[in-house]
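Asker: compute the structure for the input listed below.
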Amino acid sequence: MTKPNVALIGTGIMGAPMARNIAESGFPLHVWNRTVSKAEVLSDVATVHATADDAVAQADIVITMVDNGSVVTDLYFGNHAIVGASKPDCLFIDMSSIQPSVTRDLATAIEDRGRRHLDAPVSGGEKGAIDGNLAIMAGGNDDDFQTAKPVFDAMGRATHVGIHGAGQVAKLANQVIVAISIGAVSEALLLAQEGGCDPAAVREALMGGFATSRILDLHGQRMIDRNWVPGGPLHLQLKDLNNALEVARHVGIELPLTEQAQQAYRDLADDPKTARNDHAAYLRWLEALNPGHRLGQGPDQLPEPS
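Answerer: Below is the predicted model of the structure:
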């Protein structure tokens, strides 16, 4: 059976390895990115296009993986207008993390133009994207989910969680857990060190117990290594927390731990010294609250200057 043509728009930290896994699973792939060099690294497995509308022209499935709802909206209906440039009945899959309300509006507008839509944000970070084991949370019609599933399978494990926008809400729930867990791991490791423990040994000991988590595993190691080079940029974590609290206000619930994490990430994003760090840099915010207390002895590993 002939595999559908796929276009992927947005080949950054996450999009590039996702695209490579799609291509290596045998799907004809077309790519575009605003910064051309980030798309050209895929020229060995994909057709690189000069414009977004050219990239989608022959696609059966179009995947977008970009920063926020404004960028998605611009791609779909603004300066790039890829919905109008696509084939009738094309399936658009937005794997970005954006506001659920924006997703629902986009889904309606796309379907009004004779195309189809799924929202399918992901969790697992850069490593999950590279390894092809992302958790994918999809919202939309089940028939469209079944159409997309072979492509999802190339990138990870997909679950259909509900109607349009449900994927985005599920991702926000994920990000609430991630942010609060990063804070908990930061506090635990700093407490362990200042209480006389080797924090690396404590992390290893806890990995066999009830506190085991991917956050303790991956981000705990980042903290010990003081590696702030972004795999998950903290400004995107802040965006997701802002969106989660917007949904919470809309449905009338309080999320006090999420509000605390939001404040930490807002402070980090507002500080030029930390604004481009990985979201594990919550530890740096905690250290600023506790002058003279710093996890580990090594130097900070920082992003390259922009």
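Asker: if you count neighbours, what's buried in stretch 142-154?
Answerer: For stretch 142-154, the neighbour count (16 or more other CB atoms under 10 Å) marks Asp144, Phe145, Thr147, Ala148, Pro150, Val151, Phe152, Ala154 as buried. Any C-beta I mention is one placed from the backbone N, CA and C, and that applies to glycine too.
Asker: whoops, stretch 215-222 was the one
Answerer: Here stretch 215-222 shows Ile215, Leu216, Leu218, His219, Gly220, Arg222 as buried, counting by 16+ other CB under 10 Å.
Asker: contacts only, for the first one.
Answerer: Contacts here follow CB atoms under 8 Å, 6 or more residues apart in numbering; on that basis Ile215 touches Val178, Ser181, Ile182, Ala184, Val185.
Asker: which of those residues ranks first by neighbour count?
Answerer: Tallying neighbours with other CB atoms under 10 Å puts Ile182 at the head of the contacts of Ile215, with 28 neighbours.
Asker: before we move on, back to that, dump the buried residues of stretch 215-222 into a markdown table; add secondary structure as well.
Answerer: As requested, the buried residues of stretch 215-222 are exported to a markdown table (DSSP: H, G, I helix; E, B strand; the rest coil):
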| residue | secondary structure |
| --- | --- |
| Ile215 | helix |
| Leu216 | helix |
| Leu218 | helix |
| His219 | helix |
| Gly220 | helix |
| Arg222 | helix |
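Asker: on that earlier part again, from the buried residues of stretch 142-154, pick the one nearest Gln168.
Answerer: Phe145 (14.8 Å; CB to CB).
Asker: find the nearest non-adjacent residue to the closest one, please.
Answerer: Nearest residue to Phe145, sequence neighbours excluded (CB to CB, 6 or more residues apart in numbering): His160, at 4.5 Å.
Asker: count of neighbours near the one you found?
Answerer: His160 - counted by other CB under 10 Å - has 22 other residues nearby.
Asker: wait, a strand at it?
Answerer: Yes: the assignment for His160 is a strand, going by three-state DSSP.
Asker: now for the buried residues of stretch 215-222, which pair is the farthest apart?
Answerer: Farthest-apart pair in these is Leu216 and Arg222; separation 10.8 Å (CB to CB).
Asker: what's the longest helix in this protein?
Answerer: Counting residues, the longest helix found in the chain (DSSP state H) is helix 166-194.
Asker: helices or strands up against whatever helix or strand comes next after that helix?
Answerer: Next helix or strand after helix 166-194 toward the C-terminus (DSSP states H and E): helix 199-206. Helix 199-206 is packed against helix 166-194, helix 220-225, with contacts defined by 3 or more CB pairs under 8 Å, 6 or more residues apart in numbering; DSSP states H and E.
Asker: just send those helices back as TSV, with mean pLDDT and distance to Ala280 too.
Answerer: Below are the helices and strands packed on helix 199-206 laid out as TSV (pLDDT from 0 to 100; distance: least, CB to CB, whole Å):
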stretch	mean pLDDT	distance to Ala280
helix 166-194	97	6
helix 220-225	98	4
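Asker: what's the closest of those to Leu241?
Answerer: Per CB to CB, nearest to Leu241 of these: helix 166-194, 5.8 Å.
Asker: what residues of that closest one count as buried?
Answerer: Buried residues in helix 166-194 (16+ other CB under 10 Å): 166-172, 174-176, 178-186, 188-190, 192-193.
Asker: just the helices from the stretch 201-306 of the chain, written as ranges.
Answerer: Assigned by DSSP state H, counting those that start in this stretch, the helices in the stretch 201-306 of the chain fall at 214, 220-225, 234-251, 256-270, 282-289.
Asker: I should have written the stretch 51-200 of the chain there, sorry.
Answerer: Along the stretch 51-200 of the chain, counting by DSSP H, counting those that start in this stretch, helices occupy 52-56, 69-77, 82-85, 100-112, 125-131, 142-155, 166-194, 199-206.
Asker: give the buried residues for the first one.
Answerer: By neighbour count with 16+ other CB under 10 Å, helix 52-56 contains the buried residues Ala52, Asp53, Ala55, Val56.
Asker: repeat for the fifth one
Answerer: Residues of helix 125-131 classed as buried under the neighbour-count rule (16+ other CB under 10 Å) are Gly125, Glu126, Gly128, Ala129, Ile130.
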